[in-house]
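*Asks:* sequence-free structure coming up:
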């Protein structure tokens with residue numbers, strides 16, 4: 001298990017997978033995890049690695065669907081705010097119902113684009129490119 005705040009530089013998908021799996025030990029239903037970082041920095045891969053610990057192996061980017069729902073050992077909602085043009089799109093899909101579901105773990109990619117719909121308490125996982133291979137992953141609880 002990792003202690004927060006946490007920061008690490010990873011140099012491979014395997015190292016990112018290990019961080020996601022260790023982080024999963026801290027998370028329980030009702031938790032919201034925001035994922036921020038540039039395109040291709042590892043957000044969806046991190047969610048996929050995390051979800052594999054829950055027996056969920058069909059994780060894909062929800063870029064066009066806005067939200068994907070997964071069932072495994074826990075229920076997971078996986079959002080992607082990248083293509084959202086205005087706040088009403090989120091309210092139209094019932095964002096408040098999703099973020100208030102205490103029986104689900106909620107991941108939100110590109111959460112920094114629409115922070116106003118995020119409840120007060122959440123985890124934030126930030127991905128930053130160091131170079132073409134290395135990424136800095138920072139995890140904190142807010």
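*Replies:* Great, that's in hand. These numbers come from a predicted model, not from an experiment. Numbers count the residues shown, from 1 in each chain.
*Asks:* which other residues reach the top helix by length along the chain?
*Replies:* Counting by DSSP state H, the longest helix found in the chain is helix 13-24. The contact list for helix 13-24 (Cβ atoms under 8 Å, 6 or more residues apart in numbering) reads 1-2, 6, 8, 10, 42, 45-47, 49-50, 52-54, 123, 125, 135, 137, 139. C-betas here are computed from N, CA, C, even on glycine.
*Asks:* note down every partner strand of the next helix or strand after that helix and its orientation.
*Replies:* Where DSSP states H and E defines the elements, the next helix or strand beyond helix 13-24 is strand 32-37. The pairing partners recorded for strand 32-37 under DSSP bridges are strand 104-109 (parallel), strand 123-129 (parallel).
*Asks:* next, the angle helix 13-24 makes with the host helix or strand of residue 137.
*Replies:* Element membership of residue 137, judged by DSSP H and E, is strand 135-141. Interaxial angle, strand 135-141 versus helix 13-24 (axes from the mean of the first three to the mean of the last three Cα atoms, to 10 degrees): 0 degrees.
*Asks:* re earlier: could I get the strands paired with strand 32-37 as JSON lines with distance to residue 33, mean neighbour count and mean pLDDT?
*Replies:* Below are the strands paired with strand 32-37 laid out as JSON lines (distance: least, Cβ to Cβ, whole Å; neighbours: other Cβ atoms under 10 Å; pLDDT from 0 to 100):
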{"stretch": "strand 104-109", "distance to residue 33": "5", "mean neighbour count": "25", "mean pLDDT": "97"}
{"stretch": "strand 123-129", "distance to residue 33": "5", "mean neighbour count": "18", "mean pLDDT": "97"}
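*Asks:* dump those strands to JSON lines, plus distance to residue 94.
*Replies:* Converted to JSON lines, the strands paired with strand 32-37 look like this (distance: least, Cβ to Cβ, whole Å):
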{"stretch": "strand 104-109", "distance to residue 94": "13"}
{"stretch": "strand 123-129", "distance to residue 94": "22"}
